[in-house]
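# Quick one: sequence and predicted model below, then my questions.
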Amino acid sequence: MKDQYIKKNVTVILGKLKDINPIYFEDCIFKPGGVFSAKRNHTTISYCYEGTGTLDIYGKSYEVHAGQVFIIPQGVMSSCRASIDDPWKRITVGFDGERCRDFNVIPTVFDYPSDLFDEILMTANFDGRMDIIVASIIMRMYSAWMPHDSNQTDNDLEGIKLYIENNFMLPLSVENIAGKFHMNRTYLSRIFKKAYGKSLKEYITYIRLKEARSLLNQGKNVTEAALLCGFNSSTHFSFMFKKYYNCPPENQKLSKLSKEIGTLEYISTQDEQEQS
């Protein structure tokens, strides 16, 4: 099918991953009216960044234009035909693995920006495990495109809150939480803020400060409280604590000590009155 293209740059990956295993990606410019028909033993995801064409699959025809993605599942016969007047320019990634069939529930053709596909092309010069990088991008695609019902979304968000509350001392970030829960970072940030009124980053800070305040009340010094709650430095911790509680963390300890002294003085006074 080489004669169907004016230009075709292919990067072979041939990874050995279990769940999502990238095989190749390519940047193609079709000839006017160029046709490619196949029944592949892997799944492909294509992004049309210029031109138009037709995808024939499942007995239906889809007109695909610039700014749209289309998915061809593993083992499904399909035919792609570039427009004669305005032929396709497309980025395609091919992959197999145990989770490639999860993409079958995603719509066949839909609108989407090019950002994730641009990231894939940028890995062509990457000196390292290209298969892992591309697989992670494909999983972000899945998280962004997978239909979420409201109950499942609520369960996901509650699970994320619980994870933060149990792991606040670790180096958490929006990126690694999104990766752990197989969700697109932008999508996760948006639905978390909508659900709880705080961004994910703000919620992480809120939990860390709340726990640090409790440690200060238990007698920990500022440096100990900061490090035990995931802050990289006591300076940054002090800045955030003052911003949130409107007082420096040292005052929190003094306030706690004052209350304890006041309680002791009250008990001592009561004892004196009872003895007189």
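That came through, no problem. Predicted model only: the values in this text are computed from it and were never measured.
# Report the strands that pair with the longest strand along the chain, each with its relative direction.
If you go by DSSP state E, the chain has its longest strand at strand 21-30. For strand 21-30, sheet partners with direction are given as strand 5-12 (antiparallel), strand 89-96 (antiparallel), following DSSP bridges.
# Downstream of the last one, the next helix or strand is which one?
This means strand 89-96. strand 109-111 (DSSP states H and E).
# got the angle between the next helix or strand after that following strand and strand 21-30?
Downstream of strand 109-111, the first helix or strand assigned by DSSP H and E is helix 115-122. Computed by axes from the mean of the first three to the mean of the last three Cα atoms, to 10 degrees, the angle separating helix 115-122 from strand 21-30 equals 100 degrees.
# Neighbours of the residue lying closest to residue 11 once chain neighbours are set aside, how many?
Leaving aside its chain neighbours, residue 11 sits nearest to residue 124 (4.9 Å; criterion: Cβ to Cβ, 6 or more residues apart in numbering). Quick note: C-beta positions are derived from backbone N, CA and C, even for glycine. If you count neighbours by other Cβ atoms under 10 Å, residue 124 ends up with 12.
# and what of residue 198?
Residue 198: 13 neighbours (other Cβ under 10 Å).
# got the buried residues for stretch 6-19?
11, 13, 15, 17 (16 or more other Cβ atoms under 10 Å).
# Just the CA atoms of the longest strand of the chain, as PDB, please.
Taking C-alpha atoms only, strand 21-30 is exported to PDB below (Å, rounded to 0.1, in the frame of the first residue of the first chain):
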ATOM      1  CA  ASN A  21       1.600  -2.500  24.100                       C
ATOM      2  CA  PRO A  22       2.600   0.100  21.400                       C
ATOM      3  CA  ILE A  23       3.800  -1.300  18.100                       C
ATOM      4  CA  TYR A  24       4.300   1.800  15.900                       C
ATOM      5  CA  PHE A  25       3.200   5.300  15.200                       C
ATOM      6  CA  GLU A  26       3.200   7.100  11.900                       C
ATOM      7  CA  ASP A  27       2.600  10.500  10.300                       C
ATOM      8  CA  CYS A  28       1.100  10.100   6.800                       C
ATOM      9  CA  ILE A  29       0.000  12.300   4.000                       C
ATOM     10  CA  PHE A  30      -2.300  10.500   1.600                       C
END
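# Looking at that strand now, give me its mean pLDDT.
Mean per-residue pLDDT for strand 21-30: 95.
# ok, and what's touching it?
Strand 21-30 has contacts (Cβ atoms under 8 Å, 6 or more residues apart in numbering) with 4-15, 42, 51, 53, 82, 87-97, 100, 120-121, 124, 130-131, 134-135, 138.
# at 7 Å what do you get?
Identification of contacts with strand 21-30 by Cβ atoms under 7 Å, 6 or more residues apart in numbering yields 4-15, 42, 82, 87-97, 120-121, 131, 134-135, 138.
# Same question for stretch 209-219.
By Cβ under 7 Å, 6+ apart, stretch 209-219 touches 168, 224-226, 228-229, 237, 240-241, 244, 249, 252-253, 256.
# Just the buried ones from the residues you listed, in ChimeraX syntax?
Remark: buried members of those, expressed as a ChimeraX selection using 16+ other Cβ under 10 Å:
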select :168,225,226,229,237,240,241,249,252,253
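# any chance of the contacts of stretch 209-219 in CSV, plus distance to residue 159, secondary structure and pLDDT?
Formatted as CSV, the contacts of stretch 209-219 follow (distance: Cβ to Cβ, whole Å; DSSP: H, G, I helix; E, B strand; the rest coil; pLDDT from 0 to 100):
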residue, distance to residue 159, secondary structure, pLDDT
168, 15, coil, 90
224, 30, helix, 91
225, 27, helix, 91
226, 27, helix, 91
228, 24, helix, 92
229, 21, coil, 92
237, 27, helix, 92
240, 26, helix, 91
241, 28, helix, 92
244, 25, helix, 89
249, 31, helix, 87
252, 31, helix, 73
253, 34, helix, 60
256, 34, helix, 52
